[in-house]
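Colleague: Model the structure of this input:
(2 chains)
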Amino acid sequence: MLAPADLTALRITVELAVLTTLILLLLATPLAWWLSRGHRFSYPLVNAVVALPLVLPPTVLGFYILLFVGPHGPLVALGLPSLAFTFNGLLIGSMVYSLPFAVQPLRDAFTAMGRQPLEAAATLRAGPLDRFLTVALPLARPGYLTAAVLTFAHTLGEFGVVLMVGGNIPGRTRLVSIAIYDHVESLNYARAHALAALLLAASLLMLVPVYAINRRLVTWRP
Amino acid sequence: MKLEARFRLHRGDFLLDAAFMAPAQGITALFGHSGSGKTTLLRAMAGLERCAGGLLRLGDTVWQDKERFIPPHRRPLAYVFQDANLFAHLSVRRNLEYGYRRVPEDERRLQFDQVVELLGLAPLLDRATPALSGGERQRVAIGRALLASPRLILLDEPLAALDREGRQAILPYLESLHEQLALPMLYVSHDIDEVARLADHMLLMERGSILADGVVAELLTRFDLPLAHGDTAESVIEATVKEYDREYDLTGLDFAGTTLWVPHPGLVNGKRIRLRVLARDVSLTPEPPALSSILNIIPAQVEAIHEEGPAQAMVRLRAGGGILLARITRRSVARLQLHPGTATYAQVKGVAVLD
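Modeller: The predicted structure is shown next:
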């Protein structure tokens, strides 16, 4: 049903989404934890920076990321290779773009549990890392589920940033959303439909269980 | 061995400036009204509130002083929170095991099965914590704290969130802990009956400071303290179970050379029990009446008299080894010619067994 070129685009898209989700959850955890502990001075600024990708036009974001990873950017100045129009460049772009979708659910989950369970753990001989791993993480499970699915689904659907940073190179940085755009441009509605319907169905299939499970997990709390 | 604490910290408008020394055995009640800083003091002791320059010492072990701040997880004390604060993601068994597993085997003072038995937790072990009733939660919380093998246990109003029934269900467990474990407990409460029933020693807290400390029966009756005034003033005495009158279903207690009769069956002879006597239930008479419907008439000696407003007076009496309060009118004080040292008889209309 899908043309080989579209299948390749789909594979790259899923790879990107999986990697973005995994790495971003790891990086977002300490940031969300820190934000949830309410540090007065930097709190509004950091929260605003985290929320920026929600409000900035993706092209603005993509433009700055391209400058950042491109041949004249700071990464190259540090002796690293230029990541413009590469998969790794896309990965960095997607992580920045999806940052709020990972950080905010985690921050809210950590905030909602309050200090109490952690204080109980502290009086039961659990050190800081121990209580984070055995109390905070399990209690934040609904937040992790939400963060993972939102990040994954959001990465599947991004367009502006990946076009700026990745440059639409078939077989390397061409993703499903860009492929759909190309098909529509060339009036190939059938191939556009196949990919678009697939994305629509996949996103819906991911979101429904999240909301179903989260509701159960929320009522599970006392 | 002594428990010594000294903490001073600001929280907004509130200043905690509390210092005390209490015996490191039995139950010490930390009593005061809501907002007097009891919880803050307890949290500072646990290390949950960081308090520079605080001092906390149990015997020779220093947990906090000018140079040291041992973090909460390295202080061998346990904390029972007002709302139990169980881990919602773990079963009852895993909650109980949480602290237990973190104590090296050779440092465990209590075994898992022992605590389960002591608190009657066996039927709850495989339940999820959100499905427990308030009283069950607190029992699990107390068990969880005990299993962390603490050298001191801090209880922050563990019964405050329970209804009367739940409270009645859990008090016997607390008493058996008291009897069976040589573990000092600091018990926060704003319920004087709870304190009178459970505690041996009492710290009286007001506006962030410790106002007085001492034996419960004494603090209740000291005129320089707020407890011995007003309509709710009461005294606590101890008596020994002596006999049981089957015909009238009354238990006779040995107190101050006389027998007190209480309608409370099922007490074992020879047992020491605590009784609460409200000051307003005590009247005074110079001679024991030949015949009276009042069963309990105790020979006593006036120790001090305090005028309470234009009409009322509070009289402190010594009877045997105990102290009683009588709230009577000033007019009666004058008519009976009561002075410190006067011998009199206390007619007690109501005695409550704290058991």
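Colleague: Taking chain B, what residue is nearest to chain A?
Modeller: Closest contact between chain B and chain A, by Cβ to the nearest Cβ, is at B:G99 (3.4 Å). In this view, the C-beta of every residue, glycine as well, is placed from N, C-alpha and C.
Colleague: OK, contacts around that residue?
Modeller: Neighbour list for B:G99: A:T123, A:L124, A:R125, B:A78, B:R144, B:A145, B:L147, B:A148, B:S149 [criterion: Cβ atoms under 8 Å, 6 or more residues apart in numbering or on different chains].
Colleague: Give me the buried positions along stretch B:205-216.
Modeller: Neighbour-count burial for stretch B:205-216, counted by 16 or more other Cβ atoms under 10 Å in any protein chain shown, picks out B:M205, B:E206, B:G208, B:S209, B:I210, B:L211, B:A212, B:D213, B:V216.
Colleague: Inside helices: which ones of those residues?
Modeller: Within the buried residues of stretch B:205-216, residues falling in helices by DSSP state H are B:V216.
Colleague: so which of the buried residues of stretch B:205-216 comes closest to A:L80?
Modeller: Lowest distance from A:L80 to the buried residues of stretch B:205-216 (Cβ to Cβ) belongs to B:G208, with 58.0 Å.
Colleague: before we move on, back to that, select from the contacts of B:G99 every entry located in helices.
Modeller: A:T123, B:R144, B:A145, B:L147.
Colleague: next one: phi and psi at the residue of chain B closest to chain A?
Modeller: B:G99 adopts backbone torsions of phi -80, psi -40, taken as degrees, to the nearest 10.
Colleague: wait, doesn't A:V76 sit right on A:A84?
Modeller: No: judged on Cβ atoms under 8 Å, A:V76 makes no contact with A:A84 at a distance of 9.4 Å.
Colleague: Now do the shared contacts for the two.
Modeller: Common neighbours of A:V76 and A:A84 (Cβ under 8 Å, 6+ apart) are A:G70.
Colleague: Give the residue farthest from the middle of chain B.
Modeller: Among residues of chain B, the one most distant from the C-alpha centroid is B:A290; the distance is 38.3 Å, by Cα atoms, centre = their mean.
Colleague: Checking that one next. Helix, strand or coil?
Modeller: coil (DSSP: H, G, I helix; E, B strand; the rest coil).
Colleague: Kindly report the same for A:G93.
Modeller: The three-state label given to A:G93 by three-state DSSP is helix.
Colleague: Provide a list of residues in contact with it.
Modeller: With contact set as Cβ under 8 Å, 6+ apart, A:G93 has these partners: A:L61, A:G62, A:I65, A:V69, A:V161, A:V162, A:M164, A:V165, A:G166.
Colleague: and the gap between the last one and A:I12?
Modeller: In this view, A:G166 and A:I12 are 9 Å apart by Cβ to Cβ, to the nearest Å.
Colleague: what about those two, which has more around it?
Modeller: Set A:G166 next to A:I12 and count neighbours by other Cβ atoms under 10 Å in any protein chain shown: A:G166 wins out with 27 against 21.
Colleague: Is the more buried one in contact with A:S177, as I believe?
Modeller: No: using Cβ under 8 Å, A:G166 makes no contact with A:S177, being 10.7 Å away.
Colleague: any idea how far the residue of chain B closest to chain A is from A:L137?
Modeller: Separation of B:G99 from A:L137 (Cβ to Cβ): 19 Å.
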